Every structure is written in C-alpha cells, then in structure tokens.
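>>> only the shape, not the letters, is given here:
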C-alpha cells in the first residue's frame with residue numbers, strides 16, 4: 001500500500017484551461033447519462049464559455065484540486081453576485097459564490113465535493129463573508145438535492161434564458177457532515193486535517 005496522498009488546492013493557470021474544458025466535457029457526458037440536459041451545450045457559446053473561464057483563471061478565482069500528482073477536480077470561487085440572479089439586498093451581503101465545481105469520475109463518490117464546499121466555507125469565513133452561494137442548473141433536481149444534503153438552503157428558482165436559475169446559500173459557519181470516505185482507499189488523507197494550498201502557481 002502506498003503512502004497517503006495529500007489533498008491540495010492551487011490556483012489554475014492558463015495552462016489549465018484545456019484541462020478544465022476537458023473535465024467539463026467529461027462531466028457533461030456523465031450528467032447526460034443521468035437524464036439531465038445540464039452542460040449539453042456551452043453557454044452561451046463555446047468561445048464565450050472558454051473566454052469566461054480564462055478570465056476567471058486570470059483573476060485567480062479558479063482552482064484546481066489535486067490528489068497527489070493527479071488532478072481530481074476544479075471549481076471557481078469569487079465575490080461576483082450576478083444582478084440577474086441576486087437581489088440588491090442579497091448582493092450587499094458579504095458572500096462568496098462557487099461555480100463550475102467538477103470532481104473527476106475517477107474520484108467521484110468519495111466525498112470530495114463536500115470537502116471542496118467546506119474549503120470554500122473556510123475561505124469565506126476567513127475573508128469575513130457570511131454566505132457561500134451557488135446557482136444550480138434549473139432542471140437538474142438531482143444536483144439541487146445534493147446541495148440541500150450539503151446544508152444549503154434553497155433561496156428561489158428563477159426561470160429565464162439563463163440555465164442555472166436555482167439559487168442556494170449556506171452560512172459559512174455550517175460544514176458538511178462526515179469525513180471523506182477512505183474506507184476503500186487508504187492512500188487518502190482524511191479531511192479532518194486542513195487541506196494544503198499549493199502557492200507555486
């Protein structure tokens with residue numbers, strides 16, 4: 001049995017853009033198999049989607065999640081409240097907004113999504129924020145239930161041309177229940193220890 005592999009977060013770089021798009025495509029294929037139409041086409045266009053992600057990378061708001069030397073996922077975390085989704089009163093509240101959370105299929109089912117959301121809560125709390133918020137694909141009820149299971153509350157659902165209109169939020173003091181499931185893979189370190197942040201990028 002190999003030694004435990006650390007879980008680390010690092011800022012994405014321009015070199016990661018292609019990988020992030022590939023991770024999104026992998027996730028889209030799996031989502032389609034569940035019966036959802038989420039991410040079955042780029043929004044609003046492939047070029048604009050890539051440009052939006054590249055901008056998030058340049059702003060150091062997109063992160064890569066590594067298990068040892070392997071990329072296990074990606075997500076974005078920022079403080080940009082979309083005025084088409086959140087009210088003026090909500091936008092005035094200090095919050096972080098999580099986007100594009102993807103865990104690779106190779107690491108699915110081990111609690112990494114909850115681990116990332118807890119990390120986002122910790123980072124938000126350290127920055128004096130009150131909430132972690134997400135907008136979820138309007139018709140992906142399975143994903144919406146996932147966020148409810150992670151102690152997010154449903155704020156409202158907005159039906160418009162924007163595809164992610166189901167809004168959820170969680171106070172930063174709340175954490176997901178349970179550690180990462182390492183019962184079948186002892187190479188993992190438990191999430192009871194603080195995750196490392198790789199500052200080399």
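It's in. None of these values were measured; they are calculated from a predicted model.
>>> and residue 32, how far from residue 75?
Taking Cβ to Cβ, to the nearest Å as the measure, residue 32 falls 21 Å from residue 75. (Each C-beta comes from the backbone N, C-alpha and C, glycine too.)
>>> who's more crowded, these two?
Comparing residue 32 with residue 75 by other Cβ atoms under 10 Å, the one with more neighbours is residue 75, at 23 against 13.
>>> which pLDDT value belongs to the more buried one?
On pLDDT, residue 75 comes in at 98.
>>> element containing it, please.
Under the criterion of DSSP states H and E, residue 75 resides in strand 70-78.
>>> for the helix or strand following that strand, buried residues please.
Heading C-terminal from strand 70-78, the first helix or strand you meet, by DSSP H and E, is helix 88-92. Residues residue 90 are the ones in helix 88-92 that count as buried (16 or more other Cβ atoms under 10 Å).
>>> now stretch 74-87
Going by 16+ other Cβ under 10 Å, stretch 74-87 has these buried residues: 74-77, 81, 85-86.
>>> span of that stretch from start to end?
28 Å (Cα to Cα, to the nearest Å).
>>> rewinding a little: helices or strands up against the strand holding residue 75?
On a contact count with 3 or more Cβ pairs under 8 Å, 6 or more residues apart in numbering; DSSP states H and E, strand 70-78 meets helix 17-33, helix 46-58, strand 62-67, strand 95-103, helix 112-126.
>>> give me the sheet partners of the shortest one and which way each runs.
It stands for strand 62-67. Next to strand 62-67 in the sheet, as set by DSSP bridges, lie strand 7-11 (antiparallel), strand 70-78 (antiparallel).
>>> ok, residue 80 - contacts?
residue 97 (Cβ atoms under 8 Å, 6 or more residues apart in numbering).
>>> quick one: buried residues of stretch 108-123?
110-121, 123.
>>> now pLDDT and distance to residue 161 too, for those, in a markdown table please.
What follows is these, written out as a markdown table (pLDDT from 0 to 100; distance: Cβ to Cβ, whole Å):
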| residue | pLDDT | distance to residue 161 |
| --- | --- | --- |
| 110 | 90 | 36 |
| 111 | 91 | 34 |
| 112 | 94 | 32 |
| 113 | 95 | 27 |
| 114 | 94 | 31 |
| 115 | 94 | 33 |
| 116 | 96 | 28 |
| 117 | 96 | 27 |
| 118 | 95 | 33 |
| 119 | 95 | 32 |
| 120 | 96 | 27 |
| 121 | 95 | 31 |
| 123 | 95 | 31 |
